[in-house]
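# any chance you could fold what I've pasted below:
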Amino acid sequence: MSEVRVLVGTKKGAFVLTSDGKRSKWKVDGPFFAGWEVYHVKGSPVDPNRIYAAPSTGWFGQVIQRSDDGGKTWEAKGNEFTYQGETGDHLWYDDTPRPWEFKRVWHLEPSLTDPDTVYAGVEDAALFQTTDGASSWEEMTGLRSHDTGSKWTPGAGGLCLHTLLIDPSNHDRIFGAISAAGAFRSDDAGQTWQVKNKGLVSPYELPDPEADVGHCVHRLAMHPSHPQTLYMQKHWDVMRSDDAGESWHEISGDLPTDFGFVIDVNFNEPETIYVVPITSDSEHFPPEGKLRVYRSKTGGNDWEPLTKGLPQSDCYVNVLRDSMATDQLDPGGIYFGTSGGQVYASADGGDSWEAIVRDLPLVMSVEVQTLA
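Residues are numbered from 1 along each chain as shown. Predicted coordinates for the structure are as follows:
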């Protein structure tokens, strides 16, 4: 019997939710690191017992935690995130120069082959790597020293490298997204990077709507069997690329609004994608106070609202960028967390939903491990 482990990072700690393959009853463990902001928790794809977490506080700063027993116990590991070489400046909100400053880890992306190797996306936007199980970290300077780096500006949440995707067919190829700079791709395991923003248009954010950089990308998604196809939830617009990020086209179609933060792909159906529309960049809640996940079974443009089991009145929660994930069972399980502390799950590809836990702190990330 399969087991599903849902890893939840919140504003005040981390939680581990477990269930069998039926996904009808859930055990809740936590909070771990109670009171700490946990921007991300993610498990190794090659070691089911290895999990990494990124808790931080204003008092103690950033500390990476590692579990080697599936989240039962944790050990604090390395916390030295130091920018390498000449730091220089990037642009601030008002286009004035501002020195690079490390603030926190936003995203942890474990290697597809080695449980001791992990990439970390941080704020201010930079890429770090560990090869010793998080005991030590070193900046991979090729991203932050990119010749467009001085033009990057923070989004409302900060200047963050919030998404990292590794191509399962070519482990040297990594995709990243920065708010607010755009999408990037490395073909040499993170040593050098290329801007991949062709087709993105940002008329509300940029003086030149089609500028090379400055686009506020909220999230990227990829299906492991179709790594050339990428999906993007942008500040405005839902986008798709069929050539590994070389060009993008809009697939917002008949969504009620094209603003949102999350996007993900059904594991069993590479053309089935999910988003959660939010009213606007100033009103971070669902349109009409109705929490609806939208699903496209055609890779975009044609969308259907999924509402069964979700509140359809007086609901004003948000769903943050790292707060949706899918499992590898059939039918596929879809999970997302809200700013109101609910984690919703669907065990039938989105047709129906239930809150598998309520009243957690604000949910900042949701990841899933599917265990044999």
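
# correct me, but Thr113 touches His171?
Yes. With contact defined as Cβ atoms under 8 Å, Thr113 reaches His171; the gap is 6.6 Å. Where you see a C-beta, it was placed from the backbone N, CA and C, and this is true even at glycine.

# okay but Leu108 is in contact with Tyr52, surely?
Yes. Counting by Cβ under 8 Å, Leu108 touches Tyr52, with 4.9 Å between them.

# overlap of the contact sets of those two?
Residues touching both Leu108 and Tyr52 (Cβ atoms under 8 Å, 6 or more residues apart in numbering): Val41, Lys42, Ile64, Val118.

# which one of the residues you listed sits in the busiest neighbourhood?
Using other Cβ atoms under 10 Å as the neighbour criterion, Val41 leads those with 29 neighbours.

# other SSEs contacting the helix or strand hosting that residue?
Val41 is located in strand 37-43, with elements delineated by DSSP states H and E. Packing partners of strand 37-43 (3 or more Cβ pairs under 8 Å, 6 or more residues apart in numbering; DSSP states H and E): strand 3-10, strand 13-20, strand 51-57, strand 104-110, strand 363-371.

# would a markdown table of these with mean pLDDT and distance to Phe33 be doable?
Listed next are the helices and strands packed on strand 37-43 as a markdown table, based on pLDDT from 0 to 100; distance: least, Cβ to Cβ, whole Å:
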| stretch | mean pLDDT | distance to Phe33 |
| --- | --- | --- |
| strand 3-10 | 97 | 9 |
| strand 13-20 | 97 | 5 |
| strand 51-57 | 96 | 4 |
| strand 104-110 | 97 | 13 |
| strand 363-371 | 97 | 12 |
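
# quick one: closest of those to Met222.
Among the helices and strands packed on strand 37-43, strand 104-110 comes nearest to Met222, with 12.0 Å by Cβ to Cβ.

# which other helices and strands does whichever helix or strand comes after that closest one contact?
Heading C-terminal from strand 104-110, the first helix or strand you meet, by DSSP H and E, is strand 118-123. Identification of packing neighbours for strand 118-123 by 3+ Cβ pairs under 8 Å, 6+ apart yields strand 104-110, strand 126-130, strand 160-166.

# next one: strand 118-123 to chain centre, how far?
In this view, strand 118-123 has its centroid 12 Å away from the chain centroid, taken as Cα atoms, centre = their mean, to the nearest Å.

# which other residues reach that strand?
52, 54, 64, 81, 102-111, 127-130, 134, 137, 140, 158-164, 166, 174, 176, 190.

# 6 Å instead, please
With Cβ atoms under 6 Å, 6 or more residues apart in numbering as the test, strand 118-123 has contacts from 52, 103-110, 128-130, 158-161, 164.

# average pLDDT across it?
For strand 118-123, mean pLDDT is 98.

# what's near enough to touch Ser111?
Ser111 neighbours (Cβ under 6 Å, 6+ apart): Thr117.

# cutoff 10 Å now
The contact partners of Ser111, taken as Cβ atoms under 10 Å, 6 or more residues apart in numbering, are Ser44, Pro45, Val46, Thr117, Val118, Tyr119, Gln129, Thr130, Thr131, Ile166, His171, Ala189.

# for the nearest residue to Gln233 once chain neighbours are set aside, phi and psi?
Using Cβ to Cβ, 6 or more residues apart in numbering and skipping residues adjacent in sequence, the residue nearest Gln233 is Ile263, 4.1 Å away. Dihedral angles of Ile263 (phi, psi; degrees, to the nearest 10) stand at phi -160, psi 140.

# run through the bridge partners of Ile263.
In this entry, Ile263 is beta-bridged to Val275, by DSSP bridges.

# OK, contacts around it?
Residues in contact with Ile263 (Cβ under 10 Å, 6+ apart) are 163, 218-221, 230-234, 238-239, 273-276, 321, 324.

# in strands, which of these fall?
Judged by DSSP state E, the contacts of Ile263 include 163, 218-221, 230-234, 238-239, 273-276, 324 as members of strands.

# so what touches stretch 302-315?
Contacts with stretch 302-315, where a contact means Cβ under 10 Å, 6+ apart, come from 238, 251-256, 273-277, 285-286, 288-297, 317, 334, 338, 340, 342, 344-346, 348-355.
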